[in-house]
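Student: Turn this into a model:
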Amino acid sequence: MTHINTLMKKIIYQILLIIFIIFLLLISFRKIFSNDFWWHLKLGQLAWENKEWITKEMFSFTRYNIDWFNNTQIFDVSIWLIYKHFSYLGLFIFKFLCYLTTFFLLWKTIKLKNNNSGLLFFAFFSILSLLLFRSLYRPEIFTYLYTAFYLYALYKYKYTGGKLLYLIPLIQILWVNTHLSFVTGLALVGVFFGGELIRHLLKNKNLKFLKNKYLKTYFVILILTIIANFISPYGLKTISWFWWIFSSQESLKNVSEWNTPAKDRLFNLADIASLPYIIITWLTLFVLIKKIKNLINKKYSSFSAYQNIPWEDLFLFLLFLYQSLVALRFALISTIIFSIILIKNWPKNQKNHWLTKMLPVTALIIFMLNLSYFDRAQFGLGYLDHRYPENAVKFIKENKIPGNMANDYNNGGYYIWSLYPEKKIFMDGRTPNVYDDYFYWQWRNLANDNLRTQIVEDYQINFWLWPNNTSLPTTLWNDENWQLIYFDDLSTIYIKNTEDNQEIIEKFSYKNFAPYFNEKNITDICQEENLKENPDLKNNLISELEKGLTINPQNWLQYKNLALVYQNCQFNPEDQTKIVENLSQALKINPKNQHLYYLLGFYYLQNNQDQLAFENFKKAGKTQAPYLIGLGTAQYNLGQNRQALKTLLKARKTAGQIDTKYYQTLARVYYTLDKYKMAIEFHNRYLDLSQDYSAESYTDLAQSYFYDNQTEKAQEYLDKALELDPDYPLALEMQKELNK
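Tutor: Numbering: from 1, shown residues only. I've put the predicted structure just below:
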């Protein structure tokens, strides 16, 4: 029986291993979406081609030729060479191998003290959950690997000896030239030296630690590791650069990954994304306290008890707990370290046997829940679709837009890759390595008219390349000093309204259609009074949008806007074909856009093509209340009343605006299902909101009251209906029913 149980365990753990590797592969093939990846790639290309370490800023005209702390060159050159020879497939395989090696080293480290496979998979799936959110193509890929190697080498020397420890100073040279977190390596070595030093002091009560073989080795490695930090192009300035960067509070505090977590972070069990970190942190704290308590309670002399305390584990836990509570970015690296501490100190008794069986399954379930939040489109080769402003960059290059450009922070790295050397950028995500606190403060306050004017003058800005979903494009639209010459769903380009730019302005400018216009804006601008004042308004809007499509035929937003103009601006039956054509073309370019399906469904609904409306509303999905209301309305029109009721009720629990028409439709659905009291309630809600005192509305109420056996009320509302429209057919039919 024991043999069968052992075999079953082995099979289960082999299955878990296969599942783990599959998911690790999936995470490794998460498409590139990072802001910084592109400047790393460009920097690697230039460093390799020029065979030099780049320490002078060359990408931004605002900081051109200043010294900057560029300590990622090993990462940059590595990914450039892989990309050059093996494209995205090579990059993702390389990332997978880095992750796989990291987990292998963690397994080797844990195995030194505890071979419990259940705990191992609990830790691995927990780390995998956090890695899912941090699977950025950035130098930290190497940091995880270096950290895992250091821990393995340090623990292995502590427990079994070995010479891997002597590689740490060499790895530190790589680390200091790979990622800013190189100080983590120094901290790890320092912690092990500190732990051994405390034991020496407790035992020998003197500082003659050079006679202690282990302590002497740790000390030598620590000194060599410190020296290794200065083997970079910056030499002795390396540490001063590091402290200068981390003292730049103005810039760092506004970068999301450097934000301080909420005070209740360790108690917020509803945060599924952070749940693995929370569980492992509390378990590690509990296990450490229990172990230290047991050691002290044993019948040792007091000094012997304290010597056996795992000082390294305690210091590592406290250090990285502090780090993870200071900045969000440290949650993953802390969980990696806590996992080792947790498992190696886990009590080896049968009382906790049930827990070791439950934990890996729990971690796997949490991972699956976290994975469910991600769109499948995020995984695959290349970069995330519709993430980067490729078409705006193409417009600038093809039309040779002159002068300095002001660009946003997030896409600056992509502009370095796609526009340099033709264009230098205004700024990017290399804060505070390149951009100091004051400059970052200026950028953050561009909404201020005075400051924006000053920046334009100081840096001779000729055009703005800015995201469409921010407030600045609206400000520039209302500023006569700037002229819109390009926009799509991601970007806007405004050029300075000067004589030198008139040729470009005449060729590309928008004077009627603003980039922020949506359905409501188009309806508002096409009101009757505006059309009387400007009879050519509709044609002008269409002309500008069509001109934009000649510039960028892949601009799905322009097709959508064209359809909305035809639909909401002086609609006539001849426009129907153009509405469908433009929405269909927009969907060809952007087939995953749910709102486009909703708009097409709404058009079909208005034109009594209920089956087509149903099909498009279904494709729109169930993420927004308007989509569900459209679907429910189409279902009602098709006679699918029970399904319509479920859909419409679900809309009330879904994000998004609910229009007044919803209440009328819901009331009619209740009526068809013989739920007359509910029909009466929602008809009255509709009247309260819409003030639609029409023959149709009163007849609806009369019918509901009649079949609810409230004849007097039915007659009251029927009289109101006939008073408004004596020939209204449904009211006349209702009158016959009442007279029977």
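Student: got any ranges where this structure has weak pLDDT?
Tutor: Judged against pLDDT under 70, the low-scoring parts of the chain cover residues 1-5, 248-254, 298-305, 349-354.
Student: what ranges do the helices span in the stretch 51-200 of the chain?
Tutor: Counting by DSSP state H, counting those that start in this stretch, one finds helices in the stretch 51-200 of the chain at the ranges 73-111, 117-133, 140-160, 168-176, 183-204.
Student: tilt between the longest one and helix 168-176?
Tutor: Using axes from the mean of the first three to the mean of the last three C-alpha atoms, to 10 degrees, the interaxial angle of helix 73-111 with respect to helix 168-176 works out to 130 degrees.
Student: for helix 73-111, packing partners?
Tutor: Applying 3 or more C-beta pairs under 8 Å, 6 or more residues apart in numbering; DSSP states H and E, one finds that helix 73-111 contacts helix 2-28, helix 37-50, helix 117-133, helix 140-160, helix 331-344. All C-beta atoms are positioned from the backbone trio N, CA, C, and that covers glycine.
Student: Just put those helices in JSON lines and tack on distance to L545 and mean neighbour count.
Tutor: Below are the helices and strands packed on helix 73-111 laid out as JSON lines (distance: least, C-beta to C-beta, whole Å; neighbours: other C-beta atoms under 10 Å):
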{"stretch": "helix 2-28", "distance to L545": "40", "mean neighbour count": "13"}
{"stretch": "helix 37-50", "distance to L545": "31", "mean neighbour count": "20"}
{"stretch": "helix 117-133", "distance to L545": "39", "mean neighbour count": "24"}
{"stretch": "helix 140-160", "distance to L545": "43", "mean neighbour count": "21"}
{"stretch": "helix 331-344", "distance to L545": "46", "mean neighbour count": "24"}
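Student: ok, so what distance separates P389 from I396?
Tutor: Separation of P389 from I396 (C-beta to C-beta, to the nearest Å) stands at 10 Å.
Student: which of these two has more neighbours?
Tutor: P389 (26 against 23; other C-beta atoms under 10 Å).
Student: Please name the spatially closest residue to the more buried one (chain neighbours excluded).
Tutor: On the basis of C-beta to C-beta, 6 or more residues apart in numbering, the spatially nearest residue to P389 that is not a chain neighbour turns out to be S491, at 4.2 Å.
Student: how many other residues sit next to that neighbour?
Tutor: Neighbours around S491, by other C-beta under 10 Å: 26.
Student: quick one: contacts for it?
Tutor: 389, 391-392, 465-468 (C-beta atoms under 8 Å, 6 or more residues apart in numbering).
Student: Give me the distance between it and N590.
Tutor: According to C-beta to C-beta, S491 stands 15 Å off from N590.
Student: next one: Q643
Tutor: Using C-beta to C-beta, Q643 is found at 29 Å from N590.
Student: picking up where we left off before, how about the helices and strands packed on helix 73-111, which one is nearest L269?
Tutor: The minimum distance between L269 and these falls on helix 117-133, with 14.1 Å, by C-beta to C-beta.
Student: quick one: contacts of the closest one?
Tutor: 9, 13, 16-17, 20, 23-24, 27, 99, 103, 106-107, 110, 273, 275-277, 279-280, 331-332, 335-336, 339, 342-343, 346, 356-357, 359-360, 362-364, 366-367, 370-371, 374.
Student: ok, 6 Å please
Tutor: Applying C-beta atoms under 6 Å, 6 or more residues apart in numbering, the set of residues contacting helix 117-133 from outside is 13, 16, 20, 23, 27, 273, 276, 280, 332, 335-336, 339, 343, 346, 356-357, 359-360, 363-364, 366-367, 370.
Student: Check stretch 152-171 too.
Tutor: Contacts with stretch 152-171, where a contact means C-beta under 6 Å, 6+ apart, come from 105, 108-109, 112, 146, 192, 221, 224-225, 228.
Student: will you turn these into JSON lines that also has distance to L666?
Tutor: Below are those laid out as JSON lines (distance: C-beta to C-beta, whole Å):
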{"residue": "L105", "distance to L666": "59"}
{"residue": "K108", "distance to L666": "62"}
{"residue": "T109", "distance to L666": "60"}
{"residue": "L112", "distance to L666": "65"}
{"residue": "Y146", "distance to L666": "60"}
{"residue": "F192", "distance to L666": "67"}
{"residue": "I221", "distance to L666": "72"}
{"residue": "L224", "distance to L666": "74"}
{"residue": "T225", "distance to L666": "69"}
{"residue": "A228", "distance to L666": "70"}
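Student: just those now: which is nearest N534?
Tutor: Closest to N534, out of all of those and judged by C-beta to C-beta, is Y146, at 65.1 Å.
Student: Quick check: the residue lying closest to the closest one once chain neighbours are set aside vs V361, distance?
Tutor: Computed as C-beta to C-beta, 6+ apart, the closest residue to Y146 that is not its neighbour in sequence is W175, at 5.0 Å. For W175, the distance to V361 equals 36 Å [C-beta to C-beta].
Student: again with L132
Tutor: Distance of L132 to V361, computed by C-beta to C-beta: 18 Å.
Student: again, but for Y157
Tutor: 35 Å.
Student: Minimum distance to Y663: which of the helices of the stretch 51-200 of the chain has it?
Tutor: Of all these, helix 117-133 sits nearest to Y663, with 40.3 Å by C-beta to C-beta.
Student: Just the CA atoms of the closest one, as PDB, please.
Tutor: Output of helix 117-133 as PDB, limited to C-alpha atoms (Å, rounded to 0.1, in the frame of the first residue of the first chain):
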ATOM      1  CA  SER A 117       7.600  18.400  -3.300                       C
ATOM      2  CA  GLY A 118       4.200  19.700  -2.100                       C
ATOM      3  CA  LEU A 119       5.800  22.800  -0.600                       C
ATOM      4  CA  LEU A 120       8.000  23.200  -3.700                       C
ATOM      5  CA  PHE A 121       5.100  23.300  -6.100                       C
ATOM      6  CA  PHE A 122       3.200  25.600  -3.700                       C
ATOM      7  CA  ALA A 123       6.100  28.100  -3.900                       C
ATOM      8  CA  PHE A 124       6.600  27.700  -7.700                       C
ATOM      9  CA  PHE A 125       2.900  28.300  -8.600                       C
ATOM     10  CA  SER A 126       2.900  31.300  -6.200                       C
ATOM     11  CA  ILE A 127       5.900  32.800  -7.800                       C
ATOM     12  CA  LEU A 128       4.400  32.100 -11.200                       C
ATOM     13  CA  SER A 129       1.200  34.100 -10.300                       C
ATOM     14  CA  LEU A 130       3.300  37.100  -9.500                       C
ATOM     15  CA  LEU A 131       5.500  36.600 -12.500                       C
ATOM     16  CA  LEU A 132       2.400  36.700 -14.700                       C
ATOM     17  CA  PHE A 133       2.000  40.400 -13.800                       C
END
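Student: quick one on the thing from earlier: would you mind giving the helices of the stretch 51-200 of the chain as CSV with distance to Q657 added?
Tutor: As requested, these are exported to CSV (distance: least, C-beta to C-beta, whole Å):
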stretch, distance to Q657
helix 73-111, 40
helix 117-133, 30
helix 140-160, 40
helix 168-176, 52
helix 183-204, 48
